[in-house]
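[1] pasted the sequence and its predicted model underneath.
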Amino acid sequence: MMMFAMGGEPGPPFISDEPTVELIVRARVGDQRALEALVERCIPSLRQWAHGRLPASARGSIDTSDLVQDAVMHALRRLDAFEPRHVGAMQAYLRRSVTNRIIDEVRKVKRHPAAAVLDDEQPAQDLSPLEEAMKTETYDRYRAGLRMLKPRHRQIVVARIEMQWSIARIAKEFGYTSVDAARMAVTRAVKQLKAYTQEPPVGSA
């Protein structure tokens, strides 16, 4: 169900629509709500990414969901050692943590990890080329562009790029009548963000 903020403004169907880097800054100084938002944002997409990467020989010792949660919580306790440089940096950092945890489990059963376990590049969702490009955007420009979007567009961008929600889930959570309608909304929002993050032409100042 869609939440509403003050004045009837639609709110996101998740804890926060702030950029991940801002949540990291707040979590580092003990903000529990920011930490909860990071967990909510990161764990679901990581579970999907990690699905099938834990070899069957190691599944008797730990469930994939438990492994992901353990790895994420361990990584979040070490946020002081993490320096986000682009939008997708947090997910990449957490994927490395999950990969290392999988390798540890494989070693426990004295098996060599399969090549797929070490594949850190496979996308968690069917992101478009433009959406993938926005994941490599610098946080400064991304954050500035995000602030210029309308609230609903900002929420959609965060859901798609930072939380890596599927188009089908965005359609459901944001109340679109069809997946195609949601895809069009995502495309519009990401294109608008991309326009806001473009550096001005030389000599335009």
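    Perfect, I can see it now.

[2] check which helices and strands the helix or strand harbouring residue 94 sits against.
    Per DSSP states H and E, residue 94 falls inside helix 89-108. Here helix 89-108 touches helix 20-28, helix 32-50, helix 64-76, going by 3 or more CB pairs under 8 Å, 6 or more residues apart in numbering; DSSP states H and E. C-beta: built from backbone N, CA, C; applies to glycine.

[3] after it comes which helix or strand?
    helix 129-135.

[4] tell me the mean pLDDT over that next one?
    Mean pLDDT, computed over helix 129-135, is 87.

[5] name the residues of that helix that are buried.
    By neighbour count on 16 or more other CB atoms under 10 Å, the buried set for helix 129-135 is 131, 134-135.

[6] domain-wise, how is this protein divided?
    20-118, 127-197 (automatic domain parsing).

[7] lowest average pLDDT across those?
    domain 20-118 (a mean of 82).

[8] list the contacts of residue 160.
    Applying CB atoms under 8 Å, 6 or more residues apart in numbering, we find residue 160 in contact with 127, 131, 167, 170, 186, 189-190.

[9] that one: what secondary structure?
    Judged by DSSP: H, G, I helix; E, B strand; the rest coil, the three-state class of residue 160 is helix.

[10] how near is it to residue 53?
    23 Å (CB to CB, to the nearest Å).

[11] next one: residue 137
    Distance from residue 137 to residue 53, by CB to CB: 27 Å.

[12] same check, this time on residue 18
    30 Å.

[13] wait, which of the contacts of residue 160 is closest to residue 39?
    residue 170 (20.2 Å; CB to CB).

[14] can you name the residues that contact that closest one?
    156, 159-160, 176, 182, 185-186.

[15] which ones among these lie within helices?
    Counted as lying in helices by DSSP state H, out of the contacts of residue 170, are 156, 182, 185-186.

[16] out of the residues you listed, which end up buried?
    Here, 16+ other CB under 10 Å leaves 156, 182, 185-186 buried among the ones in helices among the contacts of residue 170.

[17] in JSON lines, list those residues along with distance to residue 71.
    Shown next, in JSON lines, are these (distance: CB to CB, whole Å):
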{"residue": "156", "distance to residue 71": "28"}
{"residue": "182", "distance to residue 71": "30"}
{"residue": "185", "distance to residue 71": "33"}
{"residue": "186", "distance to residue 71": "29"}
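
[18] perfect, that will be all.
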